[in-house]
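Participant: just coords:
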């Protein structure tokens, strides 16, 4: 307790809050240290290391070159696609093949993200599995 001598001559009684703040800070630090670190896991399907390598005489899958121009035009193996229905039909026909063809997607660097996302969503809806971006070095500029 503190005592102050003033003109009135009465003792002033206040609680010393410094120990209370120290205890609260120690509890806060203890809580922060004891909380588990949040980890964000990304599930990856990695190959089994004990599995023998696949045979080399496998049939190489067909490759589909899919380009997206800056104006939103989608080009399937050199042929412009007129609409989303035609693109869905192409994906549906190709997904039924065995082995399934690989889609090599090459968007122009000025292409809108919405068009690229629509093409990827159409491929996913039609169960296309092998999709990859090609010529992505130009995006580093």
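Facilitator: It's in. Since the structure is predicted, the reported quantities are computational estimates derived from the model, not experimental observations.

Participant: Distance check, the residue positioned nearest the centre of the chain against residue 86.
Facilitator: A centroid search over the chain (CA atoms, centre = their mean) returns residue 42, at 9.2 Å, as the residue closest to the centre. Look at residue 42 and residue 86: by CB to CB, to the nearest Å, they are 35 Å apart. C-beta: built from backbone N, CA, C; applies to glycine.

Participant: same question, residue 56
Facilitator: 37 Å.

Participant: between the two, who's got more neighbours?
Facilitator: Applying other CB atoms under 10 Å to residue 56 and residue 86 shows that residue 86 carries more neighbours, namely 14 against 5.

Participant: after the longest helix seen in the chain comes which helix or strand?
Facilitator: For the chain, the helix with the greatest residue count under DSSP state H is helix 18-34. Downstream of helix 18-34, the next assigned helix or strand under DSSP states H and E is strand 63-68.

Participant: Note down every partner strand of that following strand and its orientation.
Facilitator: strand 74-76 (antiparallel), strand 102-107 (parallel) (DSSP bridges).

Participant: Which of those sits closest to residue 96?
Facilitator: Relative to residue 96, the nearest member of these by CB to CB is strand 102-107, separated by 14.3 Å.

Participant: That closest one: which residues count as buried?
Facilitator: 102, 103, 104, 105, 106, 107 (16 or more other CB atoms under 10 Å).
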